[in-house]
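[1] Okay, here's the prediction I keep looking at, along with the sequence it came from:
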Amino acid sequence: MKYEKINILPIKKIVENNAFIKTFYFEHQLEARPGQFVWLWLPGISEKPFSVGYQSNNEFGLTICQVGNVTKKIFELKIGDKVGIKGPYGTYYEIGKSKNIALVGGGYGSAPLSFLAAKTVKNNPDVNISFIIGAQTKNLLFIKPEDFNQKIKFYFTTDDGSVGTKGRVTDVLEKLLSENKIDYIATCGPELMQFKIIELAEKYKTDCQISLERYMKCSCGICGQCVVDPLGIRMCTEGPVINKELALKISEFGKYHRGPAGDKILFSA
C-alpha cells in the first residue's frame, strides 16, 4: 500500500480559530488533494482521520474541532509536540471544466473547501468561486475573506443572524442556482445539509460532489466498517468525496449512519 508509512512529525504552528476549533500545521510534503484525509496518531491514546484543510509545497494543516476524548487530547498538544501522520487517503473534489462553482461549507466542514478554493484559484484563475459558509453564530465562523489573496465571493449565514444572512446555506445556494450562475457544487459539513444540497443539485441539474463521513478503522478498504447501504462501497476508498449520482444510490444517506459496533444511528432534523 502506497501510504502505509507513519511519519512522526512535530507540530510547527497552532492557530486557535475559535473556542472549539484549532488548526495544527506540520512541515511536510504531504501531496494531498482537496477532500482527502490523513490519520493522526497519538501514541498510547488513539488515532483519528481528519480532512486536510491547508497545503503548500512543504506544509499542511489539519483543522480540528474538539468533539470527543481524542480531540480533547489533541487540543492539549503544544508547538514541538510530535504526532504520527499517515496518508493521504480517499477520493477528492474534481471541478473538471466548470467555470462557475459554489463551495458550501457547514461548521468545520468549510476547512477542506478552503483548501479546494485556494488550489482552484491557483490552477484555474478564470474560475468564478462563490464560497457559502454557515455556522450557528458569528463566533463559530473561522474562515475570513481576508485569509485569501484571491478573488472569491463570500456568503455567510448564521442561525441567529449575528453575521451575514440569517438562515441556512441552502437558502443562499438556491438563490444562486435560480440565477443560473452555478455549474458545479462542492460541499462538506453536516449530512442533512448535504442531503438538501443534493436535492437542489438535482432540481437545477447541476454537478455536485459531497464528502460523506462514516466511521473508519483501517482506511484501506479491509475492515468494512465504513461501507454504506445498500451498495457496500467503502467510504475510505470509494469515498469520502462522491458525486450526486452515487450519493442518490446510497439508501442510508441523510437517514442514518453506523456507530463503532455497526448499530444504526438515525439523523435528527
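    Perfect, I can see it now.
[2] rest of the way, CA atoms for contacts and neighbours
    Fine.
[3] Point out where the chain drops to low pLDDT.
    Along the chain, the model assigns pLDDT under 70 to residues 1-4, 149-150, 269.
[4] mind giving me the domain ranges of it?
    Annotated domains of the chain cover 7-89, 95-203, 212-269 [automatic domain parsing].
[5] Format the ones you listed as JSON lines; extra columns: mean neighbour count.
    As requested, the domains of the chain are exported to JSON lines (neighbours: other C-alpha atoms under 10 Å):
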{"stretch": "domain 7-89", "mean neighbour count": "18"}
{"stretch": "domain 95-203", "mean neighbour count": "18"}
{"stretch": "domain 212-269", "mean neighbour count": "17"}
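[6] what about stretch 135-144, how long is it end to end?
    13 Å (C-alpha to C-alpha, to the nearest Å).
[7] Revised request: answer the last question for stretch 48-61.
    Note: stretch 48-61 ends 15 Å apart using C-alpha to C-alpha.
[8] what's the answer for stretch 63-80, then?
    17 Å.
[9] can you give me the strands in the stretch 51-200 of the chain?
    54-55, 59-65, 82-89, 100-106, 128-135, 153-158, 165-166, 184-188 (DSSP state E, counting those that start in this stretch).
[10] dump the residue contacts of the residue lying closest to Val127 once chain neighbours are set aside.
    Nearest residue to Val127 in three dimensions, chain neighbours excluded: Lys99, at 4.6 Å (C-alpha to C-alpha, 6 or more residues apart in numbering). Shown in contact with Lys99 (C-alpha atoms under 8 Å, 6 or more residues apart in numbering): 126-128, 183.
[11] what does Tyr155 give?
    Counting by C-alpha under 8 Å, 6+ apart, Tyr155 has contacts 130-133, 164-165, 172.
[12] Redo those as TSV? Include distance to Met193.
    Shown next, in TSV, are the contacts of Tyr155 (distance: C-alpha to C-alpha, whole Å):
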residue	distance to Met193
Ser130	17
Phe131	15
Ile132	12
Ile133	12
Gly164	18
Thr165	16
Val172	13
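[13] Out of the residues you listed, which comes closest to Ala111?
    Nearest to Ala111 out of these is Ile133 (C-alpha to C-alpha; 10.1 Å).
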